[in-house]
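Chemist: one predicted model, sequence on top.
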Amino acid sequence: MNKSQEPSPLVAGLTCRCPRCGKGALFDGFLTVRRQCDRCGLDFSFADSGDGPAVFVILFAGFVVVGLALVVEFLYQPPFWVHAALWLPLILLVTLWPLRAIKGLLIALQYHHKAEEGRWRHGDTP
Ligand SMILES: [Zn+2]
């Protein structure tokens, strides 16, 4: 496939689609990456997002939830059960929902920029 025909890594990643064709599913289940694309056959063995998606989600969720909890506490001083009723569902929403999309985005960016683990080539001096 021509590089100019490939979908935007932003669109392919956030929609959890294959970074080369933009049509095949990237995941088999919630966060398990498929072995290869079911449309174009791209081998997904290069995909290794590591802890990146979790780090971004934790930073985002912490900012949103802790910020809102502090604002509510300082303005209204509600009882503890109100905090639990408000923030526990919000924590699930702002952590689980974006995790899949962020993982897809990082894998699509990894493919787009050909990012991989550094290796010594024959003849390189350490
Ligand atoms: Zn594909």
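Modeler: Alright, I've got the coordinates.
Chemist: any residue of the top helix by length along the chain touching the ion?
Modeler: What stands out as the longest helix in the chain, according to DSSP state H, is helix 80-112. No - Helix 80-112 does not reach the ion (C-beta under 5 Å from the ion); its nearest approach is 10.1 Å. (C-beta placed from N, C-alpha, C; glycine too.)
Chemist: then stretch 15-34?
Modeler: Yes - part of stretch 15-34 sits near the ion under the criterion C-beta under 5 Å from the ion, namely 18, 20-21, 24.
Chemist: number of nearby residues for residue 122?
Modeler: For residue 122, the number of neighbouring residues by other C-beta atoms under 10 Å comes to 4.
Chemist: let me know the secondary structure of it.
Modeler: Applying DSSP: H, G, I helix; E, B strand; the rest coil to residue 122 yields a three-state assignment of coil.
Chemist: next one: it from the ion, what distance?
Modeler: Between residue 122 and the ion the distance, using C-beta to the ion, to the nearest Å, works out to 32 Å.
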